[in-house]
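>>> need a structure here:
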Amino acid sequence: MNSYDVIRKPIITEKATMASETGAVVFEVAIDANKPQIKSAVEELFGVKVKAVNTSVAKGKQKRFRGQMGKRKDVKKAYVTLEEGNTIDVTTGL
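Next up is the predicted model:
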């Protein structure tokens, strides 16, 4: 699995913006990615030093689609804390 398969996209929400004030960046990652893979992918893609990685899995909701019950996919989020002096600007592309 290469780095572009591990990191899907940055998450830009109010909670993620508040986390960025403490030096953390939030990414949507592959559901089967583990913390060492996420750390190495962020360091390789953005050229920064990672201090810690915390992950959480949001279970997909049951939703009605055209009268039929369906299920959204599960989403894994990674809260990546960066070392002092390192920043990532998620508003620009790679």
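>>> I'd assumed Ala19 was in a helix, is it?
Yes - counting by DSSP: H, G, I helix; E, B strand; the rest coil, Ala19 falls inside a helix.
>>> Distance check, it against Val80.
Distance, Ala19 to Val80, using C-beta to C-beta, to the nearest Å: 10 Å. For every residue, glycine as well, the C-beta is placed using N, CA and C.
>>> Pull out the buried residues from stretch 51-68.
Val53 (16 or more other C-beta atoms under 10 Å).
>>> what residues does that stretch touch?
Residues outside stretch 51-68 that contact it (C-beta atoms under 8 Å, 6 or more residues apart in numbering) are 23, 29, 31, 35, 38-39, 42, 69-83.
>>> other SSEs contacting the longest helix along the chain?
Longest helix in the chain by number of residues (criterion: DSSP state H): helix 35-46. Applying 3 or more C-beta pairs under 8 Å, 6 or more residues apart in numbering; DSSP states H and E, we find helix 35-46 packed against helix 3-6, strand 7-10, strand 24-29, strand 50-58, strand 75-82.
>>> ok so, going back, quick check: ChimeraX command selecting the buried ones in the contacts of stretch 51-68.
To isolate the buried members of the contacts of stretch 51-68 in ChimeraX, using 16+ other C-beta under 10 Å:
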select :23,29,38,39,42,76,77,78,79,80,82
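>>> can you tell me which residue is nearest the centre of the protein?
Nearest to the geometric centre of the chain sits Phe27, at 1.6 Å (C-alpha atoms, centre = their mean).
>>> How about the contacts made by the residue lying closest to Lys49 once chain neighbours are set aside?
Counting by C-beta to C-beta, 6 or more residues apart in numbering, Glu83 is the residue found nearest to Lys49 once chain neighbours are left out, at 4.1 Å. Contact partners of Glu83, counting by C-beta under 8 Å, 6+ apart, are Val48, Lys49, Val50, Lys51.
>>> so how far is Glu14 from Glu83?
25 Å.
>>> repeat for Thr55
20 Å.
>>> Repeat that for Leu82.
20 Å.
>>> Tell me where the protein is predicted with low confidence.
Regions of the chain meeting the criterion pLDDT under 70 cover residues 91-94.
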